[in-house]
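Novice: sequence below, structure please.
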Amino acid sequence: MKTIPSIAGFLLFASAVAYAQIAPFDMSREREQGGGPMIPRLTLPSAPAPAVVPQMPAESPAPAPAPSGAPPTPPFSMGSTSRPASAPPSAEAAPAKPASPPTQLQPLRERAAEPVNPAPAPPVPPVRPSSQRTGAAALQRYVIPFAKFGLDGEYDRKSWSIYITPEQAAAPAKLNFSYQNAVVVAPEASQLTVLLNDRIVGQQPIASSDSPSNVSFEVPVGLLQPGANLLTFEATQRHRTDCTVQSTYELWTDIDPAKTYLSFIGQEAARFSSTDAIRAIGVDETGRTRINFVVPALAQPGTTKPLLRLAQGLAILSGMPNETFSFTPDMPPQSGAGRMTVVVGTPSELQTVIATPPAAQAAPLASFVTDPKSGGPVLLVSGPSWPAISSAIDTVVSTTDRPATAIRDALATQRWSAPDAPLVLSATNLTFAQLGVRTAEFSGRRFRTNFNIAVPSDFYANAYGEATVLLDAAYTQNVLPGSHIDIYVNGNIASTVPISSTGGGIFRHLPIRVTMRHFKPGLNSLSLEAILMTKEDEVCVPGTTADAAPRFALFDTSELHIPDFARIGQRPNLAGLSGTGYPYNRAVQPTPLFIDRIDSDTLSATATLLGRMAVVAGRPIEVEPAATAGAIGERDAIFIGSISQMPPAVLAQLNIAPTIPATWRPSETAQSNQTEPSVTFDDWRSKVRGGVWRGQITSFQEWLRRNFDISLSSLQFVPGSEEVFTPRKTDSFLIAQGKSAAGGSSWTIVTAPSAEDLREGVEAITTHVNWPQVAGRITTFSGKTGKVESVPIGRFDFVASQPWSLSNYRLIAANWLSTNILSYAFLLVVLSLLIGVTTASMLSRLGRRE
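Specialist: Predicted structure coming up:
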């Protein structure tokens, strides 16, 4: 009788085991208890893909909020091979896992589905996204204003602002992004943090080296505010195995701009209720902002000036780093994120383009309307006549106007680098907190932080000036001598301070002198880097890289002291043009603009260039179209057009070969007509004969520059004459600056072999990456190689920019003598001789005589 209960128990146990084998094997709870927080990923059989509404983001919107007291449901993605993951275990089920703070939500990491053979499971009907259930559409706004974006090193933090309309601030939102990191990044000790308005919206372990991972964070209700909102990406990364400083350069995390966006639920989020929404244009998936003008009367005289004024106003209002403008007579077919259409014309001219409100028949009108074809917002600027249209344009642009004599205190950079860069005009002390640098503790080997400042266009202290960093920092006793702190200016090392003591230390306003030779007019990027070496890193036992004990601290009470510096303008000076729009930013009268032929490509290039100049100048630059070069006279002017349209006299005045209109052709034509160069023994014989001497001279020049910072250009009394410049066949764009015929004004030429090359060249040179490289007297761009090259200034003229003062002229003389060493030595000898002669003359007249 005892065997019957035993057999029954065995059968029940076997059936329970068989039933348990139906469920897939899951180690999610063991992984949560054993290490960091992990969210299980469930792979299910293929299911029919649900229909997707237009502009649907890659991740579906979040479901409706859970009732009070219920755990929040994590976001999920819809696809052909995945379904929503199950809810994470409650706090009671996993007491060892700390509860998340209310301001930080747990992210859901999504990877590309891998081919698997799952166990049979009952079919589950596809879940419809919440936007489809409610009938609401999702607006997608890209947020990275760069073509490429990454976080490098052991610590990196980058912030910028995005403009949110009131309709978008009131809508439910999610932040989505995709990232991939280096394989050497240790996921257990590396973390990616995303902040909105200095509040953490999500943290993600950096663990996506095999393939990009998609991450979605819910934005808490009320966190986004109408207007500017600060977005921050911060990465803390550690190496898997290596503890050397060199290994920190192998750490990187790239974030895909095309998959990083804010998604808003609801149709109201896509609506622009006022012209103030121009600031919310944003960027597209490539980090660019494209503004297309639809102007049926583009070829009519009198339309160029108001259109260019409107383009500059829109550029300043949006404030994006990579803006392009285009002009077409018809409505463009493309619309979407980072693109805005501006329709300009009278109601009669716009009959075939868009329906205008009746109010435009009687008064100026500037407002957003809905395009019946695309359904997107369109900025309509209309009126009964073009003078009325100019008045409507003024209502939009007037908020950006600023007197030419007004002094601004900052350069607008927050749309790509927050905060705005303070503009330093004289002796100034700026704390790191004012520069956007926060107090930070660091446990790694290489700490780096960046900040920006700006100097005016008449900055003239690159040969003698020295700034001072008053450093507040601390380091522990583990840091060994040989460690050092470096200061970089625009990517060039400017100062190094070694750490030579042991036992730790605290720096309280430690002065670090920073040479100003690498400063340039406009925006300047400075970096502070601390190289820290310890005995633990030399041994590098397993787990050393993940040690979280801080070894270095930087305090935001540190200061940057900029002394008084010489201020005087220079002509030519393309660095001043790219930095602050000099000299046109200071023009009180309209600037003559020579455009020989107004076509779509030339006008698009002109608007893009002036828009970029207006952004750095901080105000629209008033221009006056000039029909002929003779009508310009002695005024600062801009010449723009294809090379065949440039006046030969202007080319000769700027030392550009007058033959290039006939020889400089687009690259395709140049390639088809070029012949093989002839090579002879005489050519090589001359090269070999002079090669030894030239090599020795070059080595001597490098030795002087490396050891004494002396170049041959500084060893001359009078600057040599400028050489006539001829662009290479690979160059597709040219911008040059020089003085006018009488020498009292600056002329700037912007040209290319053709109108199409001109538009493409301007769009390339005005990008955030290339624009700071515009310098010297001539800058060229190659569309094939993407290289920007400059011809340095050999001879320049001073232009008075400040009222006369003895202190300023003393600083000017100090910088000039520091640049011209022979003149300084000659003056020193002459003064010594004069002192000797004067002393001998005085002694001959004084004292006893026999």
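
Novice: for the stretch 701-850 of the chain, what spans make up the helices?
Specialist: With DSSP state H, counting those that start in this stretch as the criterion, the stretch 701-850 of the chain has helices at 755-765, 806-819, 821-845.

Novice: looking at those helices, which is closest to Q773?
Specialist: Nearest to Q773 among these is helix 755-765 (8.3 Å), distances taken as Cβ to Cβ. Backbone N, C-alpha and C define where each C-beta goes, glycine included.

Novice: can you dump the C-alpha coordinates of that closest one into CSV?
Specialist: This file holds the C-alpha atoms of helix 755-765, laid out as CSV (Å, rounded to 0.1, in the frame of the first residue of the first chain):
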residue,chain,number,x,y,z
ALA,A,755,27.2,79.4,-59.3
GLU,A,756,26.5,75.8,-58.2
ASP,A,757,30.0,75.5,-56.7
LEU,A,758,29.5,78.8,-55.0
ARG,A,759,26.3,77.6,-53.2
GLU,A,760,27.9,74.2,-52.2
GLY,A,761,31.1,76.0,-51.1
VAL,A,762,29.3,78.5,-48.9
GLU,A,763,27.2,75.7,-47.4
ALA,A,764,30.3,73.8,-46.5
ILE,A,765,32.5,76.7,-45.3
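
Novice: which other helices and strands contact that helix?
Specialist: helix 600-617, strand 637-642, strand 733-739, strand 746-752, strand 778-781 (3 or more Cβ pairs under 8 Å, 6 or more residues apart in numbering; DSSP states H and E).

Novice: give me the angle between it and strand 746-752.
Specialist: Helix 755-765 runs at 110 degrees relative to strand 746-752, counting by axes from the mean of the first three to the mean of the last three Cα atoms, to 10 degrees.

Novice: now do the host helix or strand of D394 against helix 600-617, angle only.
Specialist: Element membership for D394, per DSSP states H and E: helix 386-397. Counting by the same axes, to 10 degrees, helix 386-397 points 40 degrees away from the direction of helix 600-617.

Novice: which secondary structure elements does helix 386-397 contact?
Specialist: The helices and strands touching helix 386-397, judged by 3+ Cβ pairs under 8 Å, 6+ apart, are helix 304-318, strand 365-370, strand 377-382.

Novice: and those: which comes nearest H518?
Specialist: Among the helices and strands packed on helix 386-397, the nearest to H518 by Cβ to Cβ is helix 304-318 (28.2 Å).

Novice: make JSON lines out of the helices and strands packed on helix 755-765 and add distance to P521.
Specialist: Formatted as JSON lines, the helices and strands packed on helix 755-765 follow (distance: least, Cβ to Cβ, whole Å):
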{"stretch": "helix 600-617", "distance to P521": "10"}
{"stretch": "strand 637-642", "distance to P521": "18"}
{"stretch": "strand 733-739", "distance to P521": "13"}
{"stretch": "strand 746-752", "distance to P521": "14"}
{"stretch": "strand 778-781", "distance to P521": "14"}
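
Novice: select, out of those, the one closest to V837.
Specialist: Between the helices and strands packed on helix 755-765, strand 733-739 lies closest to V837; by Cβ to Cβ that is 40.5 Å.

Novice: each with direction, which strands does that closest one pair with?
Specialist: Counting by DSSP bridges, the strands paired with strand 733-739 are strand 746-752 (antiparallel), strand 778-781 (antiparallel).

Novice: quick one: neighbours of A662, just the number.
Specialist: Counted with other Cβ atoms under 10 Å, residues neighbouring A662 total 9.

Novice: tell me which helix or strand it sits in.
Specialist: According to DSSP H and E, A662 maps onto helix 660-663.

Novice: which residues touch that helix?
Specialist: If you take Cβ atoms under 8 Å, 6 or more residues apart in numbering as the criterion, helix 660-663 is touched by 643-644, 646, 648, 651, 726-727.

Novice: distance check, I485 against A418.
Specialist: As judged by Cβ to Cβ, to the nearest Å, I485 and A418 stand 25 Å apart.

Novice: so the two - more neighbours on which side?
Specialist: Applying other Cβ under 10 Å to I485 and A418 shows that I485 carries more neighbours, namely 24 against 18.

Novice: quick check: the more buried one touching A530?
Specialist: Yes: in terms of Cβ atoms under 8 Å, I485 counts as a neighbour of A530; the distance is 5.0 Å.

Novice: which neighbours do these two share?
Specialist: A473.

Novice: mind putting the helices and strands packed on helix 755-765 in a markdown table, mean neighbour count included?
Specialist: Below are the helices and strands packed on helix 755-765 laid out as a markdown table (neighbours: other Cβ atoms under 10 Å):
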| stretch | mean neighbour count |
| --- | --- |
| helix 600-617 | 25 |
| strand 637-642 | 24 |
| strand 733-739 | 24 |
| strand 746-752 | 24 |
| strand 778-781 | 23 |
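
Novice: out of these, which is closest to A461?
Specialist: For A461, the closest of these is helix 600-617, at 20.3 Å, according to Cβ to Cβ.

Novice: just the angle for the closest one relative to helix 304-318, thanks.
Specialist: Going by the same axes, to 10 degrees, helix 600-617 makes 50 degrees with helix 304-318.

Novice: may I have the helix or strand just after helix 600-617 as CSV, with CA atoms only?
Specialist: As assigned by DSSP H and E, the chain's next helix or strand after helix 600-617 is strand 623-626. Provided in CSV are the C-alpha atoms of strand 623-626 (Å, rounded to 0.1, in the frame of the first residue of the first chain):
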residue,chain,number,x,y,z
VAL,A,623,23.4,95.5,-47.0
GLU,A,624,22.7,97.6,-50.1
PRO,A,625,22.9,95.8,-53.5
ALA,A,626,25.4,97.5,-55.9
